[in-house]
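[1] I'd like to go over a predicted model; first the sequence, then the structure.
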Amino acid sequence: MSTSLSSPPPSPPASTRAAQRLARWLQALRPAAQPLNARERLRVVLGAGLGLLLTALLSEWAWPHGPGLPWLVAPLGASAVLVFGVPASPLAQPWAVLAGNTLSALVGIACQHWIGPPELAAAAAVAGAIALMLALRCLHPPGGAAALLMVLAGVQDWQFALYPVLGNSLLLVAAGMLYNPLTGRRYPHAQQAPLPDGPVAPSHQPFAANDLEAALARYNQVLDIPRDDLQALLQEAELQAYRRRLGSLRCADVMSRELKTVEWGTPLQEAWTLLREHRIKALPVIDRARRVIGIVTLADFMREAALDLHEGFADKLRRLILPTPTSHSDKAEVVGQIMSRQVRVASAERPLAELVPLFADTGHHHIPIVGEQARLVGIITQSDLVAALSRG
């Protein structure tokens, strides 16, 4: 008896599917692990504690208060979590803290004045505060608590939004500006603005800033991470993927060992002949100990001959590479006079994955590889790297 190979597998029972959906839903409720070491956890805890302590002491000293007049508002505790726990977050920046808390408090006081039922006033205060914060780019979650606090506490004095709300927020932000940089965290953390007319990404880059903006626009949700950090994380993830694909490969495993080299005093015509005959684009320049002192490329010849102007292309190149018959010359005669002296080299034992950013982001096309005593042993080109990635 034959069975059709195209028959779909039997569906699981309805009870099994329901159990699977329930398991996935429960899994979604599970909190993700925080990738923080003990030092960072201690930094956050100490920062929040010291920041609130400083804010409380200065608030109590600077402004008069009496029975029933608070000098520290509860939403400031949530603000401290953001300012010291996630100082790079757009929700934790000074404008978000100051404007978010203060304007939300004003919205709450207005609702207390103009809306009778407390339940309706509470809902309207939080909703109105969120709408105002979104409109003014100061979304700050504790702002919702500040608006709600005004309604629940029956606050009707407009000055309450200035003190203690604005006063507390100013002191907390000042503490964050002092503490975070001292502990290795930028604050304020600049938030990159959208680039609607930015240039397209070069072919060697995965994406440009305007590509990221377009993706965020389609995502259409609030992200609690600044754009520069998000871009850096994406690039680091890409590099990690390269590391995984390349495995344990070292530069020595893929480098080209059959080298064509020149020395400082090699005539330009000889170097040009090597480039053209062997169809290569760069020649490492070495000393007598085979240490790299420079590199000469086709671009160096073009720059020296002013070939960016196409008129007389052949004549300009011919005048450059042919030796001057007289004893004195006002043009370059040898490789050392036109070579690039700033050369990026890599060790033969260096992991190949670490060279990916050099090729992708810095415009390098050739990287000389050195061995013991910094002597030249090979060279890696973009083609070598692509071949290694393809094999990976």
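    Perfect, thanks for sending it.

[2] so which strand or helix has Arg185?
    Taking DSSP states H and E as the definition, one finds Arg185 inside no helix or strand.

[3] residues contacting it?
    Arg43, Pro87, Ala88 (C-beta atoms under 8 Å, 6 or more residues apart in numbering). Glycine gets a C-beta too; all of them are placed from N, C-alpha and C.

[4] and if you look at Gly100?
    Gly100 is in contact with Met133, Cys138, Leu139, His140, Pro142, Gly143, Ala146, counting by C-beta under 8 Å, 6+ apart.

[5] Tell me how far the strand or helix carrying Thr273 lies from the chain's centre.
    Assigned by DSSP H and E, Thr273 belongs to helix 268-277. Centroid separation between helix 268-277 and its chain, computed with C-alpha atoms, centre = their mean, to the nearest Å, is 42 Å.

[6] can you list the domain ranges for this protein.
    Following automatic domain parsing, the chain resolves into domains at 38-182, 252-391.

[7] residue boundaries of the strands in the stretch 201-350 of the chain?
    262-263, 282-286, 292-297, 346-347 (DSSP state E, counting those that start in this stretch).

[8] For the helix or strand that the last one is followed by, list the C-alpha coordinates in PDB.
    Per DSSP H and E, the first helix or strand lying C-terminal to strand 346-347 is helix 356-361. As requested, the backbone C-alpha atoms of helix 356-361 are provided in PDB (Å, rounded to 0.1, in the frame of the first residue of the first chain):
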ATOM      1  CA  VAL A 356      35.700  43.000   9.300                       C
ATOM      2  CA  PRO A 357      35.000  46.600  10.700                       C
ATOM      3  CA  LEU A 358      38.300  47.800   9.200                       C
ATOM      4  CA  PHE A 359      37.200  46.700   5.700                       C
ATOM      5  CA  ALA A 360      33.600  47.700   6.200                       C
ATOM      6  CA  ASP A 361      33.800  51.100   7.900                       C
END
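
[9] Can you spell out which helices and strands pack onto helix 356-361?
    Other elements packing on helix 356-361 under the criterion 3 or more C-beta pairs under 8 Å, 6 or more residues apart in numbering; DSSP states H and E are helix 227-246, helix 382-391.

[10] tell me which of the contacts of Arg185 is nearest to Gly108?
    Pro87 (26.5 Å; C-beta to C-beta).

[11] Contact partners for the closest one?
    Taking C-beta under 8 Å, 6+ apart, one finds Gly176, Asn180, Arg185, Arg186, Tyr187, His189 in contact with Pro87.

[12] What of Ile109?
    Ile109 neighbours (C-beta under 8 Å, 6+ apart): Met150, Val155, Gln156, Asp157, Trp158, Phe160, Ala161.

[13] Export the residues you listed as CSV, with columns for distance to Leu274 and pLDDT.
    CSV is the format used below for the contacts of Ile109 (distance: C-beta to C-beta, whole Å; pLDDT from 0 to 100):
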residue, distance to Leu274, pLDDT
Met150, 79, 96
Val155, 82, 93
Gln156, 86, 93
Asp157, 84, 93
Trp158, 81, 95
Phe160, 80, 93
Ala161, 76, 95
